[in-house]
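> My questions are about this predicted structure, shown below with the sequence.
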Amino acid sequence: MKKRAIPIYASRGDVAWFYTFRFICALVFLFLIFPIIIIIPLSFNQEPYFSFTSGMLSLDPDAYSYRWYWDILKNGMADPDASNGWWADMWNNAQWIRSIKNSFIVGIFATILATVLGTVAAIGLSSSHMPYKRIIMSLLISPMIIPLVITASGLFYSFSQVGLAKNYLGLILAHAVLGTPFVIITVTATLVGFDQSLTRASASLGAGPVRTFFRIQTPLILPGVISGALFAFITSFDEVVVVLQLADVRQRTIPRQMFSGIREQISPTILAVATILVILSIILLTIVELLRRRSERLRGISPE
Amino acid sequence: MKEKREGFVVFENVQKTYDGNELVVKNLNLEIFKGEFLTMLGPSGSGKTTCLMMLAGFESSTHGEIRLGSKPIGNIPPHKRGIGMVFQNYALFPHMSVGENLAFPLEVRKIGKSFREEKIKRVLEIVKMTDFINRRPAQLSGGQQQRIALARSLVFEPELVLMDEPLGALDKQLREHMQYEIKHIHEQLGVTVVYVTHDQSEALTMSDRVAVFNEGVVQQLDTPVNIYEKPLNSFVAQFIGENNKLVGTIIKESKGVVQAKLRNSKQIKGIRVNSGKEGTDALFSIRPERVFLDKKNSESIEAQVLELIYLGDHVRCRMKVADNEDFILKIPNSSQTTSLRVGQKTQVSWRVEDCRALDLAN
């Protein structure tokens, strides 16, 4: 039997509100998603403009092209038309490719660092023996609350003193600082549901603290750790303010490259990159979420 | 009989405070013998769980010494004490199967795989759960999880197993069934068990000895029979089972028998336990099943029937005796009961030995 959405006792007003409510929800949804959707057709523009040409609006196939996608690869190459060594040239010189490489290098290392630090911090903060929990917690998540510009300039001045500005290590450390609060929050949330008697049970069975941590605690909080890591990675991946301050041209990440693209050479290449990023993000989120659910199910946390 | 020897577990002058102000456990002295099933019984907040946690090593004592097998264990971390423990919420590892849960303590002890499997098989047979080795805890019912938790605490063959209200989360029928099962396992393995509960029937059913806790003090430590039949103070008398209470002023005392005057100036007698001096008030306590609806026994008193409750195997009769309107009689379901009517005046009687004169503390 088909499930009725509207109960049988609904009055006329209830029915009206039922549809109005759904309409409002749709509007909110559109408001959120439209700016992202709109860039996808624009990125296939034949002309170097950020607007729909009349050809595009009348769905003329000639008004669309892949030229901006090719530009991602070609822009910055020494010789885009050479047949010899084209791939090596692209890999080494294309500025978008370099920024993609940078984004992944910085993102992955910052994520690893943030995940380890955040997880350890969350476990410490969830212990009942921990003094001054609230103060330490708010200190640790302050990078999320303090305006990014302030954090970024603070990082720039302090890192410059110790030679960490304008290099990869500094950027990775800075992004780890920004990502750690997300890991702390997600792992803390997982630990709230963690039954502390499990660690006692483990101890009563003869396992020391280290074994208990790796065999009992870690597997059970893994879904929270994965979510936190994903947040940390995305934070690093679309961060531009700190990169503006701390990175020089060799460490330009994707958002930084887009930023200068908008300022220096208005070209729909940015839209092409954005489209690829949107698709990549959707794929990444889906995969990680599926993995997380699978591990949750395997670990018997959620019912099957 | 038991020869004089030191207990396997000894609490000596143990005190515990959480806030540095109020003592949760006040000067506990307790000996638990090898192979014994000892129950710590008491209302919540009486300090019984704290004692268990100190023994397990999850809490440290503020003062005093705890010895296990004549060695002080104050400085030994919980995972090196080798004490098995069953938790109230089972605390099975949800990400491991039953077999992996049971293998965990054996892996920790670096026991080889074949020997490990043999031990797991044996312990699963004891708890009758052999078919469930590959299940996950979430796929088991509460009672099954409890059996596995029990098996896990036994699989590494500890000499001492602690149980913290292990049957608290089960329904009544299953709880009673598991009581017998745990008792049988204890008899079969000869392991020392320290059991914590607030359920008095559980304590009476299972234990060799019961320690009744209240306000951080052991009120009485004795066999279930003596705890029930010969409570040493009014707390134990009221906490274990049902009691009829009559308050009277002591007139005189001789040869362990206290004579007192009730509020309606009727005199009664009782065995002196811990009642006060002449002229003070004492609490006379008589078990409902030791009061009879006749005049045949030495102590006879007038009573009025206030309420009759039919309970199948017996009829519970609430009466007014002296100024107590909650005087209960348990009348076995027989032809005798039919003659009683509410409002009827009759005589009830009991033997002097069944009436105990206690302090009037609470």
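Structure received.
> Return the list of helices and strands in contact with the longest helix seen in chain B.
Within chain B, and with DSSP state H defining each element, the longest helix by residue count is helix B:172-189. Applying 3 or more Cβ pairs under 8 Å, 6 or more residues apart in numbering or on different chains; DSSP states H and E, we find helix B:172-189 packed against helix B:113-126, helix B:142-154, helix B:200-206. All C-beta atoms are positioned from the backbone trio N, CA, C, and that covers glycine.
> what residue ranges in chain B score low on pLDDT?
Low-confidence segments of chain B (pLDDT under 70): B:1-5, B:335-338, B:361-362.
> need the residues of it near chain A, please.
Neighbours of chain A within chain B, by Cβ under 8 Å from any Cβ of the partner chain: B:56-58, B:77-80, B:82-85, B:87-89, B:91-95, B:104-105, B:108-109, B:136-139, B:152-153, B:156, B:162.
> quick revisit: for the longest helix of chain B, list the C-alpha coordinates in PDB.
Extracted in PDB, the C-alpha atoms of helix B:172-189 (Å, rounded to 0.1, in the frame of the first residue of the first chain):
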ATOM      1  CA  LYS B 172      12.500 -11.000  36.100                       C
ATOM      2  CA  GLN B 173      12.200 -14.500  34.700                       C
ATOM      3  CA  LEU B 174      15.500 -14.500  32.900                       C
ATOM      4  CA  ARG B 175      17.100 -13.000  35.900                       C
ATOM      5  CA  GLU B 176      16.000 -15.800  38.200                       C
ATOM      6  CA  HIS B 177      17.100 -18.400  35.700                       C
ATOM      7  CA  MET B 178      20.600 -16.800  35.300                       C
ATOM      8  CA  GLN B 179      20.900 -16.600  39.100                       C
ATOM      9  CA  TYR B 180      20.800 -20.400  39.300                       C
ATOM     10  CA  GLU B 181      23.100 -20.700  36.300                       C
ATOM     11  CA  ILE B 182      25.700 -18.400  37.800                       C
ATOM     12  CA  LYS B 183      25.500 -20.300  41.100                       C
ATOM     13  CA  HIS B 184      26.000 -23.600  39.300                       C
ATOM     14  CA  ILE B 185      29.000 -22.300  37.300                       C
ATOM     15  CA  HIS B 186      30.500 -21.100  40.600                       C
ATOM     16  CA  GLU B 187      30.000 -24.500  42.100                       C
ATOM     17  CA  GLN B 188      31.400 -26.200  39.000                       C
ATOM     18  CA  LEU B 189      34.600 -24.100  38.700                       C
END
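> Of all the residues in that helix, which ones are buried?
For helix B:172-189, a neighbour-count test (16 or more other Cβ atoms under 10 Å in any protein chain shown) marks B:175, B:178, B:179, B:181, B:182, B:185, B:186 as buried.
> okay, among these, which ones form the most distant pair?
For those, with distances taken as Cβ to Cβ, the pair at the greatest spread is B:175 and B:186 (16.3 Å).
> Tell me which of the helices and strands packed on helix B:172-189 is the most buried.
Of all those, helix B:142-154 carries the top mean neighbour count, a mean of 23, counting by mean count of other Cβ atoms under 10 Å in any protein chain shown.
> That one: how far from the chain's middle?
Between the centre of helix B:142-154 and the centre of its chain there are 21 Å (Cα atoms, centre = their mean, to the nearest Å).
> Tell me the spacing between the residue lying closest to residue B:124 once chain neighbours are set aside and chain A.
Nearest non-adjacent residue to residue B:124, counting by Cβ to Cβ, 6 or more residues apart in numbering or on different chains: residue B:130, 4.7 Å away. Distance, residue B:130 to chain A, using Cβ to the nearest Cβ, to the nearest Å: 21 Å.
> what about residue B:130, how many neighbours?
By other Cβ atoms under 10 Å in any protein chain shown, 13 other residues sit near residue B:130.
> Just the CA trace of stretch B:295-313, in PDB.
Presented in PDB, the C-alpha positions along stretch B:295-313 are these (Å, rounded to 0.1, in the frame of the first residue of the first chain):
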ATOM      1  CA  LYS B 295      -3.600 -18.000  70.200                       C
ATOM      2  CA  LYS B 296      -1.400 -21.100  70.300                       C
ATOM      3  CA  ASN B 297       2.000 -19.300  70.700                       C
ATOM      4  CA  SER B 298       3.300 -17.700  73.700                       C
ATOM      5  CA  GLU B 299       3.000 -14.100  72.500                       C
ATOM      6  CA  SER B 300      -0.600 -13.300  71.600                       C
ATOM      7  CA  ILE B 301      -2.100 -10.000  70.800                       C
ATOM      8  CA  GLU B 302      -5.300  -8.500  69.500                       C
ATOM      9  CA  ALA B 303      -5.500  -7.500  65.900                       C
ATOM     10  CA  GLN B 304      -8.100  -6.100  63.400                       C
ATOM     11  CA  VAL B 305      -8.200  -7.100  59.800                       C
ATOM     12  CA  LEU B 306      -7.800  -4.000  57.500                       C
ATOM     13  CA  GLU B 307      -7.200  -5.500  54.100                       C
ATOM     14  CA  LEU B 308      -7.000  -8.800  52.400                       C
ATOM     15  CA  ILE B 309      -5.000  -9.300  49.200                       C
ATOM     16  CA  TYR B 310      -5.300 -12.500  47.300                       C
ATOM     17  CA  LEU B 311      -1.900 -13.500  45.800                       C
ATOM     18  CA  GLY B 312      -2.700 -17.100  44.600                       C
ATOM     19  CA  ASP B 313      -0.500 -19.200  46.800                       C
END
